[in-house]
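1. The following comprises the amino acid sequence and a computationally predicted model.
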Amino acid sequence: METKSPDVECRAAPGSGYWIQSHLSDLVGLPIVAIPDIAEVLGELEQTLAGIEKVLDVPRLRERVAELEQEASAPDLWDDQANAQRVTSQLSLVQGDVRRIEALRRRLDDLVVLVELAEDEDDADSWTEAANELASLRKAIGEMEVRTLLSGEYDAREALVTIRSEAGGVDAADWAEMLLRLYSRYCERHGWPMEVYDTSYAEEAGIKSATFAVKAPYAYGTLSIEQGTHRLVRISPFDNQGRRQTSFAAVEVVPVLEETDHIDIPEDEIRVDVYRSSGPGGQGVNTTDSAVRITHIPTGIVVSCQNERSQLQNRATAMAVLQAKLLQRQREEERAKINALKDDSAGSWGTQMRSYVLHPYQMVKDLRTEYETGNTAAVLDGEIDDFIEEGIRWRRQRETAS
């Protein structure tokens with residue numbers, strides 16, 4: 001009968017440093033040699049969380065909550081609806097930040113106690129619970145750290161996302177629909193409400209384009225890193241000879257406008273067309289011309305909305321989308337002027353930003369950050385958090401460097 005050496009038994013004991021490192025290695029996906037001692041991990045988390053609290057200025061956030069609560073309780077608040085919406089939106093946002101920070105602090109304090117309990121009792125179940133909570137808290141604090149990097153003018157806004165098929169024919173249209181599902185699943189995982197405003201279906205399969213809103217704080221700052229051209233390489237399911245096909249789809253992300261934003265669009269600069277909304281296979285076809293398409297003549301920007309039954313509602317939504325796109329265009333023009341003054345030869349990072357390879361090997365790689373993974377199925381199912389976090393950090397480094 002085979003016997004284990006005392007050294008192996010000691011190293012694998014539930015209370016030992018080797019055991020906790022091994023368990024953490026499985027949870028966070030790093031080799032054991034890359035996992036520090038649990039006391040070091042707790043120290044690093046404490047340092048990171050303290051840094052987040054300092055950057056966000058938690059005492060000032062609490063003062064801001066009190067100020068906004070006082071404004072929100074004013075009897076005449078809703079006499080000015082634009083101001084009321086601003087106050088209530090800001091209050092919800094700041095309260096959310098405070099709650100998240102306080103929850104992370106409580107979890108870290110509780111985890112320290114849990115680890116001490118596990119050490120005292122030398123119990124495998126306690127160590128397992130501690131290791132699981134440590135891995136979960138490590139991820140949550142990392143996400144909050146990335147949140148502190150979203151300090152742009154519009155980063156706290158909700159997002160409007162447009163996906164368009166590009167080169168690649170029917171494969172590109174199918175790829176655009178796959179991306180729509182990817183972002184739908186991502187929003188589901190995060191509990192972010194998502195509303196599709198318009199979908200233009202391709203003839204054979206997939207979609208020509210789709211526009212949807214992500215109604216969550218910091219959705220724009222988070223998803224703006226996804227803007228650019230997404231490239232797919234696979235064996236085409238539409239090719240009878242089973243050849244490899246490369247196809248492209250573009251993702252555009254703009255912030256949702258607030259009442260305080262002002263984009264003046266004269267009536268003589270737009271053309272409004274109405275038509276009957278439609279769905280794939282003839283389903284969901286309305287019997288009235290309720291869908292609205294608005295063309296901004298000076299820029300050629302076209303937006304559509306068909307998700308509402310009322311033509312007036314669809315027109316209002318389409319105008320909001322058009323205003324958001326014009327605001328983004330204005331910001332890009334201003335940024336281009338600044339870059340020209342700086343003689344910025346790096347160019348835009350928006351094109352060819354990520355490659356998804358399904359054949360002859362499996363890999364998704366971000367061409368800006370060099371971050372990659374072989375788990376293509378998970379990525380296509382909306383697990384893109386690591387790509388987004390790496391992208392946000394990369395963007396901040398570039399901004400700091402410039």
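-> Nice, thanks for sending it over.

2. Tell me which residues of stretch 248-268 come out buried.
-> 248, 249, 250, 251, 252, 253, 254, 255, 256, 257 (16 or more other Cβ atoms under 10 Å). Just so you know, the C-beta spots here come from the backbone N, C-alpha and C atoms, and that holds for glycine as well.

3. so of those residues, which ones are in strands?
-> 248, 249, 250, 251, 252, 253, 254, 255 (DSSP state E).

4. which one is the fifth one nearest to, not counting chain neighbours?
-> The shortest distance from residue 252 to any residue that is not its chain neighbour, by Cβ to Cβ, 6 or more residues apart in numbering, is 4.4 Å, and that residue is residue 162.

5. ok, now the third one?
-> Closest residue to residue 250 in three dimensions, ignoring its sequence neighbours and counting by Cβ to Cβ, 6+ apart: residue 164, at 4.8 Å.

6. would the one you found count as being in a strand?
-> Yes - applying DSSP: H, G, I helix; E, B strand; the rest coil, one finds residue 164 inside a strand.

7. residue contacts, it?
-> 176, 208, 209, 249, 250, 252 (Cβ atoms under 8 Å, 6 or more residues apart in numbering).

8. The fourth one reaches residue 179, doesn't it?
-> Going back to what we said before, that points to residue 249. Yes - the pair residue 249 / residue 179 is scored as a contact, 5.5 Å apart, by Cβ atoms under 8 Å.

9. list the residues that contact both of the two?
-> By Cβ under 8 Å, 6+ apart, the residues touching both residue 249 and residue 179 are 163, 230.

10. Helices of this structure, residue ranges please.
-> 6-11, 17-28, 38-56, 58-72, 81-121, 124-147, 169-190, 219-223, 311-342, 376-380, 385-401 (DSSP state H).

11. Indicate which one of those helices is closest to residue 300.
-> helix 311-342 (10.8 Å; Cβ to Cβ).

12. Now the closest one: average pLDDT?
-> Helix 311-342 carries an average pLDDT of 77.

13. Then stretch 120-138?
-> Stretch 120-138 comes out at a mean pLDDT of 83.

14. just stretch 75-86 next, same as before
-> 83.

15. Can you pull out the low-pLDDT segments for this protein?
-> Within the chain, the ranges that satisfy pLDDT under 70 run 1-36, 258-262, 278-288, 334-335, 337-351, 402.

16. Could you list the domains of the chain?
-> By the assignment in automatic domain parsing, the chain contains the domains 6-147, 159-401.
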